[in-house]
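K.L.:
from the sequence below, what's the structure:
(2 chains)
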Amino acid sequence: QVQLQESGPGLVKPSQTLSLTCTVSGDSISSGGYYWNWIRQHPGKGLEWIGYIYYSGSTYYNPSLKSRITISLETSKNQFSLKLSSVTAADTAVYYCARAGGDTAPFDYWGQGTLVTVSS
Amino acid sequence: QSALTQPASVSGSPGQSITISCTGTSGDVGGYNYVSWYQQHPGKAPKLMIYDVSKRPSGVSNRFSGSKSGNTASLTISGLQAEDEADYYCSSYTSDSTVFGGGTKLTVL
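P.N.:
Purely as a prediction, here's the structure:
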């Protein structure tokens, strides 16, 4: 059974960089075939796709966030990470990591989500 | 403002059927057969219910079905049950991202 778990600070100051890690169990992120995604949900709002990384290390980001995002792999720990720079209160959200079987495939496994609040 | 338009809320009585619409454009819903639907209970992660417009993942009840006509996709839930009460989100592949709808709150009366 594939499981994903987000971790990272729950509070980030404005203008700083938000950093989250997703730990994957039950599947190897370096085995190929899957796209590892970050998705966020603003409080009481809908979902927003942030971007993905493939096992090869290639990435693709939401054009609206592209200038501030970095997604990377740490295959030795079976983890992938998100960095979002220059955060503001508008970046306060629940952040999910999720797996997809391709760039057109649905998100079939999700982490439980972690709330990140941007506040001084 | 979400890229895909869903009604804010729908309701139905147990045993009835309801349909949730998801309207996009030719650049997303209308242009690709890559529409998915997710169910989200409060405080929980979304769960995949429908993918590729009308396919059901293993383990999802056949009471859930999906369809598409032009730029509008639809999720139909038949034989409503209390456990179906949740938020539902559609999503679609586009050439430069994945976009979601704003979500629909389903109330089972």
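K.L.:
who in chain B is up against chain A?
P.N.:
Neighbours of chain A within chain B, by C-beta under 8 Å from any C-beta of the partner chain: B:2, B:32, B:34, B:36, B:38, B:44-48, B:51-52, B:57, B:89, B:91, B:93, B:96-103. No exception for glycine: its C-beta is placed from N, CA and C like everyone else's.
K.L.:
give me the buried entries from those.
P.N.:
B:2, B:32, B:34, B:36, B:38, B:45-48, B:51-52, B:89, B:91, B:93, B:97-103 (16 or more other C-beta atoms under 10 Å in any protein chain shown).
K.L.:
show me these that map onto strands.
P.N.:
Counting by DSSP state E, the part of those found in strands is B:36, B:38, B:47, B:48, B:89, B:91, B:93, B:98, B:99, B:100.
K.L.:
pretty sure the last one sits against residue A:47.
P.N.:
Right, the one you point to is residue B:100. Yes - counting by C-beta atoms under 8 Å, residue B:100 does reach residue A:47; the two are 4.2 Å apart.
K.L.:
pull up the overlap in contacts between the two.
P.N.:
Common neighbours of residue B:100 and residue A:47, using C-beta atoms under 8 Å, 6 or more residues apart in numbering or on different chains, are B:89, B:91.
K.L.:
ok, now how distant is residue B:95 from chain A?
P.N.:
Counting by C-beta to the nearest C-beta, to the nearest Å, the gap from residue B:95 to chain A is 10 Å.
K.L.:
my guess is that residue meets residue B:26, correct?
P.N.:
No - in this structure, residue B:95 is not within contact of residue B:26 by C-beta under 8 Å, at 11.3 Å.
K.L.:
show me what the residue nearest the centre of chain A is bridged to.
P.N.:
The centre of chain A sits closest to residue A:38, judged by C-alpha atoms, centre = their mean, with a distance of 2.7 Å. In this entry, residue A:38 is beta-bridged to residue A:51, residue A:97, by DSSP bridges.
K.L.:
local confidence estimate at residue A:32?
P.N.:
Looking at residue A:32, its pLDDT stands at 75.
K.L.:
sorry, that was for residue B:1
P.N.:
pLDDT at residue B:1 comes out at 63.
K.L.:
again, but for residue B:16
P.N.:
97.
K.L.:
that one: neighbour count?
P.N.:
Neighbour count of residue B:16, defined by other C-beta atoms under 10 Å in any protein chain shown: 13.
K.L.:
what sits against residue 5?
P.N.:
All of this is about chain A. A:22, A:23, A:25, A:111, A:112.
K.L.:
my bad, chain B
P.N.:
B:22, B:23, B:24, B:101, B:102.
K.L.:
which among these gets closest to residue A:13?
P.N.:
residue B:102 (29.4 Å; C-beta to C-beta).
K.L.:
just checking, the closest one touches residue B:6?
P.N.:
Yes - using C-beta under 8 Å, residue B:102 is in contact with residue B:6, at 5.5 Å.
K.L.:
does anything pack onto the lowest-mean-pLDDT helix or strand in chain B? Which helices or strands?
P.N.:
Across the helices and strands of chain B, mean confidence by mean pLDDT, DSSP states H and E is lowest for strand B:98-100: a mean of 95. With contacts taken as 3 or more C-beta pairs under 8 Å, 6 or more residues apart in numbering or on different chains; DSSP states H and E, strand B:98-100 sits against strand A:47-54, strand B:86-93.
K.L.:
contacts for the last one next, please.
P.N.:
Outside strand B:86-93, the residues that touch it by C-beta under 8 Å, 6+ apart are A:46-47, A:49, A:103-104, A:106, B:3-4, B:6, B:20, B:22, B:24, B:28-29, B:32, B:34-42, B:46, B:49, B:73, B:75, B:98-101, B:103-106.
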